[in-house]
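K.L.:
Build me a model from this:
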Amino acid sequence: MEIKNNTKINLKEAEVKNNVIETYSKDMVKILEMDKDGLIQKIIHEEEERENEHKNTSHLSKRNKIFMFIGIFLIVASVSGVLFYVITKDDGVVDVAPQFASIIFLDKSSVLDINKLPKNAVLKGVWTEAQNTKVKLSGVEGIYITEEGKGIGFQRFMTLFKNNLPNYNPAYISENFLLGVVNNNSFENLDLKHKLTTDVLEELQIELNEMNSKRQTVLLEGEPLVLNNSSFFKTGTAEFVDIDAKSRAKTTISEFLDTVDFATSKVKVVGTYSVERPTKKNNAIAEARKKVGLEILNEVLDEKYSAEEIAQIVIEASAKGVSIKDSYSEEEIKALAPEEVTQIIDEAQGVQYFVEAKTKGKTILTAPTEEQKKLEQEIEDVKKEIKEIEAFKKSNTNIVVNTKDPFILIKTRSFSDVFPIFRAWENKIFTDLHGFFGIDITRETNYLLTKDWQDGIIQNKNARILYDKDGRIIFMYVFIDENNVLITNTEKTTEEIILRIAGSKVRK
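P.N.:
Okay, the predicted model is just below:
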């Protein structure tokens, strides 16, 4: 009986299992039969889209291969371009405006290129810049010197004018120093200034006289007046050297004609070229100069004389070559320097004016050079300055005047480090720095080269001072504090710099 019961139970369990499987299959069939909206088709469609998308994003697809090749090409081209630029680029440096750290507060600053300063006269160039300052009254202008676009330090500045400062430990004196000028309003005895300015005028006039003696032409009987190549015409042409040359030529010819007796004279105009400079254009140059010479002569005649006077004179014109051998022997020419030979050749050719008659000896100056013009202007400026000083002196010997006083402010490690250095430098300071303070070494001032310096107190500061024979300060160096030494020529400048150094310390 027990066996039968067990069998029945197992059959029932099997029947249940079969029913479950059968039910699941039927359910699946029912789902497929109920798929009215095409669910299976959607699944199949989505699967196809996924497969297509996979193909499109695959690196093996044809289109993606093309994109890959293009990308690689662009990367290679970019890298090649960068490498080409790096290899071939110009290593030149772009100039940047120099930056300076000012030691004190400045009302104005200026930059001077060392190449624009007079050769062997750097300090005089700085002095000129200081005197031309437009800084306000009681204002301070800093003057920075540059070399190849970079500011120079103290050591380089000192070597520019071959100074005699003793050798020192570079740690004692900072490279950061300051050149400058203070526009002072101070009482000043003008006697010294008047004397120094008068001495300068005398020296300039001597220099101008020497220049004029080299360009004087003494016109004697039978000798030609020459409008030469060096003063009037451009080399190898019949063109004037500048717009004023024609006017100068007319003035010279006018002076020449003053020596001529029209009733008994014949004037010859000759255009010339240099035999020492043979070219195919020489004849044409001479003809052109002859033409210019006639034109100028006729213009002067028309402006200066009546028709009746002009009718009395006979004028002839020609063209020819001239040689320096006509005036100099072979030995004399060999003894000349090349530049002297060039000058003589230039002076021999141009336009010649001869007069066939007796003429009175007359000195005629050829056209002044640019250097002579500058010197003449400088003389006029000095004369004007002397007149102003004399006008001031008439009213009062000691008067209020504006002075533009230069200074050098030097940073040091300590007083004890640099005091022996400056003491050793004293016997050469005037020699080294006289140009910076606008003082020329003349017969009247050369005693200062060997004059002893004296101890002094300036604005309650220790100083060493160089006085002239009348007891006036020429210049001095003042120990402002432990780390600042000031070289200047007036107490007013010292006072202003002391105030500015103190102000800088307060701000810090």
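
K.L.:
nearest spatial neighbour of Phe422, skipping sequence neighbours?
P.N.:
For Phe422, the nearest residue in space outside its immediate sequence neighbours is Tyr477; the separation is 5.8 Å by CB to CB, 6 or more residues apart in numbering. C-betas here are computed from N, CA, C, even on glycine.

K.L.:
ok, now which ones touch that neighbour?
P.N.:
The contact partners of Tyr477, by CB atoms under 8 Å, 6 or more residues apart in numbering, come to 422, 429, 463-464, 485-487.

K.L.:
Okay, and which of those residues map to helices?
P.N.:
Assigned to helices by DSSP state H, the following of those qualify: 422, 429.

K.L.:
got a markdown table for the contacts of Tyr477, with distance to Leu160, neighbour count and pLDDT too?
P.N.:
Output for the contacts of Tyr477, formatted as a markdown table (distance: CB to CB, whole Å; neighbours: other CB atoms under 10 Å; pLDDT from 0 to 100):
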| residue | distance to Leu160 | neighbour count | pLDDT |
| --- | --- | --- | --- |
| Phe422 | 19 | 20 | 94 |
| Ile429 | 16 | 22 | 90 |
| Ala463 | 26 | 22 | 95 |
| Arg464 | 24 | 18 | 95 |
| Val485 | 19 | 22 | 95 |
| Leu486 | 20 | 23 | 95 |
| Ile487 | 16 | 19 | 94 |
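
K.L.:
Would you mind confirming that Tyr168 makes contact with Phe422?
P.N.:
No: the pair formed by Tyr168 and Phe422 falls short of the contact definition of CB atoms under 8 Å, at 9.8 Å.

K.L.:
So which elements touch the helix or strand that contains Thr342?
P.N.:
Of the helices and strands defined by DSSP states H and E, Thr342 is found in helix 338-348. Taking 3 or more CB pairs under 8 Å, 6 or more residues apart in numbering; DSSP states H and E as contact, the helices and strands that helix 338-348 lies on are strand 225-228, strand 266-274.

K.L.:
Could you grab the helix/strand/coil label for the residue lying closest to Thr133 once chain neighbours are set aside?
P.N.:
Residue nearest to Thr133 in three dimensions, not counting chain neighbours: Glu141, with 4.8 Å by CB to CB, 6+ apart. Three states are possible here, and by DSSP: H, G, I helix; E, B strand; the rest coil the one that applies to Glu141 is strand.

K.L.:
same check, this time on the one 5 residues further on
P.N.:
Under the three-state scheme (three-state DSSP), Thr146 adopts strand.

K.L.:
quick one, what contacts it?
P.N.:
Residues touching Thr146, when contacts are defined by CB under 8 Å, 6+ apart, comprise 98, 111-114, 152.

K.L.:
Of those, which one scores lowest on pLDDT?
P.N.:
For those, the least confidently modelled position is Pro98, at 44, judged by pLDDT.

K.L.:
rewinding a little: just the contacts of Tyr477 now: which is nearest Ala317?
P.N.:
Closest approach between the contacts of Tyr477 and Ala317, by CB to CB: Ile429, at 65.6 Å.

K.L.:
Lys304 - nearest residue in space that isn't next to it in sequence?
P.N.:
Distance criterion CB to CB, 6+ apart; nearest residue to Lys304, sequence neighbours excluded, is Ser254 at 6.1 Å.

K.L.:
where do the strands sit along the stretch 401-508 of the chain?
P.N.:
Listed in chain order, the strands found in the stretch 401-508 of the chain under DSSP state E, counting those that start in this stretch are 454-458, 461-467, 473-481, 484-488.

K.L.:
and what of the stretch 151-300 of the chain?
P.N.:
Applying DSSP E, counting those that start in this stretch to the stretch 151-300 of the chain gives strands spanning 178-189, 216-219, 225-228, 266-274.

K.L.:
in the stretch 301-450 of the chain, which spans are helices?
P.N.:
Along the stretch 301-450 of the chain, the stretches classed as helices by DSSP state H, counting those that start in this stretch are 307-312, 330-335, 338-348, 370-395, 415-433.

K.L.:
buried set for the second one?
P.N.:
I take that to be helix 330-335. Buried positions in helix 330-335, judged by neighbour count with 16 or more other CB atoms under 10 Å: none.

K.L.:
Show me what that helix is packed up against.
P.N.:
Applying 3+ CB pairs under 8 Å, 6+ apart, one finds that helix 330-335 contacts no other helix or strand.

K.L.:
Which residues does it contact?
P.N.:
Helix 330-335 has contacts (CB under 8 Å, 6+ apart) with 324-325, 341.

K.L.:
Any idea how far that helix is from the middle of the chain?
P.N.:
In terms of CA atoms, centre = their mean, to the nearest Å, the centre of helix 330-335 is set 42 Å apart from its chain centre.

K.L.:
One more: the longest one?
P.N.:
In terms of CA atoms, centre = their mean, the centre of helix 370-395 is set 27 Å apart from its chain centre.

K.L.:
for stretch 329-349, how far is the first residue from the last?
P.N.:
Distance between the boundary residues of stretch 329-349 (CA to CA, to the nearest Å) amounts to 18 Å.

K.L.:
Could you find the closest non-adjacent residue to Gln131?
P.N.:
Nearest-residue entry for Gln131: Lys404, 5.3 Å, with adjacent residues in sequence omitted and distances by CB to CB, 6+ apart.

K.L.:
Count the neighbours of the one you found for me.
P.N.:
The number of residues packed near Lys404 is 17, by other CB atoms under 10 Å.

K.L.:
ok, now which ones touch it?
P.N.:
Applying CB under 8 Å, 6+ apart to Lys404 gives the contacts 130-131, 133, 181-184.

K.L.:
Only the buried subset of those, as a PyMOL command please.
P.N.:
To isolate in PyMOL the members of those that are buried, counting by 16+ other CB under 10 Å, one can use:
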select buried, resi 130+133+181+182+183+184
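
K.L.:
Looking at the contacts of Thr146, which one is closest to Lys320?
P.N.:
After measuring the contacts of Thr146 against Lys320 - CB to CB - the closest member comes out as Asp113, at 49.1 Å.

K.L.:
picking that back up, was I right to think the residue nearest to Lys304 contacts Glu299?
P.N.:
No: assessed by CB under 8 Å, Ser254 is found out of contact with Glu299, at 10.1 Å.

K.L.:
Put the alpha carbons of stretch 278-286 into PDB.
P.N.:
The C-alpha trace of stretch 278-286 is given here as PDB (Å, rounded to 0.1, in the frame of the first residue of the first chain):
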ATOM      1  CA  PRO A 278      89.100 110.200 -66.000                       C
ATOM      2  CA  THR A 279      85.600 109.200 -67.000                       C
ATOM      3  CA  LYS A 280      83.500 109.300 -70.200                       C
ATOM      4  CA  LYS A 281      81.300 111.900 -68.700                       C
ATOM      5  CA  ASN A 282      84.000 114.500 -68.000                       C
ATOM      6  CA  ASN A 283      83.400 116.600 -71.100                       C
ATOM      7  CA  ALA A 284      79.700 116.700 -70.400                       C
ATOM      8  CA  ILE A 285      80.300 117.700 -66.800                       C
ATOM      9  CA  ALA A 286      82.600 120.500 -67.900                       C
END
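
K.L.:
got the buried residues for that stretch?
P.N.:
282, 285-286.

K.L.:
Tally up the residues packed near Gly142, please.
P.N.:
Neighbour count of Gly142, defined by other CB under 10 Å: 21.
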